[in-house]
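Participant: this is the structure alone, sequence omitted:
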């Protein structure tokens, strides 16, 4: 009888360790995704500014109006970059909210 009790305790401990490992693995994946999203958002902003400034610089060079069109292009690129950032954040916020709602529903079902 004590062997059965010991076996049940070991099974319970093993199950607890598996759950803890699963939680750690999921947290690691989530952190990696969040970092990737952060880099993507930062790159979108930088690329928007760079493209706007480059187009402005090229137009300035062609038209001989240096630096005015480049400044306008820089500002437009910055605005376009911010717009992309806000779109991305909104998209990921919507996904996060849906995932949280699904987790809550799943928790109620159990």
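Facilitator: Cool, got the structure. What you see is a predicted model; the values in this text were computed from it and never measured.

Participant: so where's the chain shaky on pLDDT?
Facilitator: 1, 107-110 (pLDDT under 70).

Participant: tell me which stretches of it form helices.
Facilitator: With DSSP state H, the ranges of helices along the chain come out as 2-63, 68-109.

Participant: adding mean neighbour count, write those out as CSV.
Facilitator: For glycine as for every other residue, the C-beta is placed from the backbone atoms N, C-alpha and C. Below are these laid out as CSV (neighbours: other C-beta atoms under 10 Å):
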stretch, mean neighbour count
helix 2-63, 12
helix 68-109, 13
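
Participant: nearest the geometric middle of the chain, what residue?
Facilitator: Most central in the chain under C-alpha atoms, centre = their mean is residue 37, positioned 2.7 Å from the mean C-alpha point.

Participant: contacting residues around that residue?
Facilitator: By C-beta atoms under 8 Å, 6 or more residues apart in numbering, residue 37 lies in contact with 88, 92.

Participant: give the contact list for residue 74.
Facilitator: Residue 74 neighbours (C-beta under 8 Å, 6+ apart): 49, 52, 53, 56.

Participant: who's the closest spatial neighbour of the third one, skipping the chain neighbours?
Facilitator: To tie it back to what came earlier, the one meant is residue 53. residue 74 (4.4 Å; C-beta to C-beta, 6 or more residues apart in numbering).

Participant: mind checking how far the one you found is from residue 42?
Facilitator: 17 Å (C-beta to C-beta, to the nearest Å).

Participant: how about residue 67, phi and psi?
Facilitator: phi -100, psi 10 (degrees, to the nearest 10).

Participant: correct me if wrong: it contacts residue 53.
Facilitator: No. With contact defined as C-beta atoms under 8 Å, residue 67 does not reach residue 53; the gap is 10.1 Å.

Participant: return the distance of residue 15 relative to residue 72.
Facilitator: For residue 15, the distance to residue 72 - C-beta to C-beta - is 63 Å.

Participant: whoops, I mixed them up, residue 38
Facilitator: 29 Å.
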